[in-house]
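**Q** could you work out the structure for the sequence below:
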Amino acid sequence: MLNIYSQTVYDVQVSKNNNLFNDTKQCRIILRQRGGRLGNLLFMFASAYGLSLTHSCQLYINPDIIDELQTSFETNLTNLLLESQLNDFTSIKKIYNHCSYIRNPVYSNNSYSLELDGYWQVHKYFIDHMEQIREQLRFKQSILDRVQNFLDKNINKNISTSVGIHIRRGDFLLLRRVSSDKYIFDAMSHFIAKYHSVIFVIVSDDKEYCRKTFGQKKNVFVTPDSFSAADDLATLTLCEHIILTAGSYGWWGAFLLHNRLGDVLTDSKSDHTPIDVDCRVDDFFPPWFSFLNNTNKTN
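**A** Take a look at the predicted model:
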């Protein structure tokens, strides 16, 4: 497996003069660039926003990132810094991070401008601000209406329990590790044993494969090809429970799950670290995520 997610963290200091800090004793969090797809974008946004809330910092997010979020979500942040204001900063410290938890990235006793680089896939940067994050990532009503219409046609909530499944394939087949079909079938069996009458709703970047492999069962539906990535993610959030495979996309379906008491079952290595990346289990998975070989809530 090609490990494209290094845990190496390094700092790049960018200074306009010899003074590392100015005299205003004020911190700023900066997110200029994004990478990857929707799941990566949400981690970067949430970490930047969470850090700004935790440390009472001013926040700059590239307007292109906000525009992209607003195509799918009711994102409405106020008092964001303007790009022109970045020119006033005497120093900017850039930290490159994929999924390592840095305990104190912001120094509270100095003026500090921190620019995030990398994916910042660590829930600890924003877990204390779940409600604010969820508020900023409410799906557009048009998306919710479209998804709810699909679910209502296929699921009788009075009879069946809905379980969303995210199956990532695509580029992961060549570059990363994907979850096995056996894991997915075993996870489905777990929910059937627990809830008896279950309808499974699959979202994937390879829907043809999912229909051939899982869609022969009467209690399995795959979302339409016409659904966008945002539509599919919203579908996961509207299910009662979730089965996750590799990748950050499904992670966000679980984090934004409307059913706060829903079961989240995820694939992992034997030590419960993510199946496809080298991240610490406690940094990547929130405490309410469960594992197939340990379906009790984890610490």
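
**Q** now do the helices in the stretch 51-200 of the chain.
**A** With DSSP state H, counting those that start in this stretch as the definition, the stretch 51-200 of the chain shows helices at residue ranges 63-70, 130-136, 141-154, 172-175, 181-195.

**Q** would you reformat the ones you listed as JSON lines and include distance to residue 160 and mean pLDDT?
**A** All C-beta atoms are positioned from the backbone trio N, CA, C, and that covers glycine. Putting these into JSON lines (distance: least, Cβ to Cβ, whole Å; pLDDT from 0 to 100) gives the following:
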{"stretch": "helix 63-70", "distance to residue 160": "33", "mean pLDDT": "97"}
{"stretch": "helix 130-136", "distance to residue 160": "26", "mean pLDDT": "97"}
{"stretch": "helix 141-154", "distance to residue 160": "9", "mean pLDDT": "97"}
{"stretch": "helix 172-175", "distance to residue 160": "30", "mean pLDDT": "84"}
{"stretch": "helix 181-195", "distance to residue 160": "8", "mean pLDDT": "97"}
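
**Q** tell me which of these sits nearest to residue 287.
**A** helix 130-136 (12.2 Å; Cβ to Cβ).

**Q** name the helices or strands packed onto the closest one?
**A** In this structure, helix 130-136 packs against helix 38-54, with contacts taken as 3 or more Cβ pairs under 8 Å, 6 or more residues apart in numbering; DSSP states H and E.

**Q** helices or strands up against the helix it packs on?
**A** Helix 38-54 is packed against strand 27-31, strand 58-61, helix 63-70, strand 112-117, helix 130-136, helix 229-238, helix 248-255, with contacts defined by 3+ Cβ pairs under 8 Å, 6+ apart.

**Q** what residues are up against residue 271?
**A** With contacts defined as Cβ atoms under 8 Å, 6 or more residues apart in numbering, the neighbours of residue 271 are residue 281.

**Q** oh sorry, the question was meant for residue 99
**A** The neighbourhood of residue 99, defined by Cβ under 8 Å, 6+ apart, consists of 5, 7, 119, 120, 121, 122, 277, 279, 280, 283, 284.

**Q** of those, select the buried ones using a PyMOL command.
**A** The command below creates a PyMOL selection of those among the contacts of residue 99 that count as buried (16 or more other Cβ atoms under 10 Å):
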select buried, resi 5+119+120+121+122+277+279+280+283+284
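
**Q** reformat the contacts of residue 99 as a markdown table; add distance to residue 112 and pLDDT.
**A** Below are the contacts of residue 99 laid out as a markdown table (distance: Cβ to Cβ, whole Å; pLDDT from 0 to 100):
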| residue | distance to residue 112 | pLDDT |
| --- | --- | --- |
| 5 | 27 | 38 |
| 7 | 23 | 38 |
| 119 | 22 | 96 |
| 120 | 17 | 97 |
| 121 | 23 | 97 |
| 122 | 19 | 97 |
| 277 | 29 | 90 |
| 279 | 26 | 94 |
| 280 | 25 | 95 |
| 283 | 23 | 96 |
| 284 | 26 | 96 |
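
**Q** going by distance to residue 57, which of the contacts of residue 99 wins?
**A** Ranking those by separation from residue 57, with Cβ to Cβ as the measure, puts residue 120 on top at 14.8 Å.
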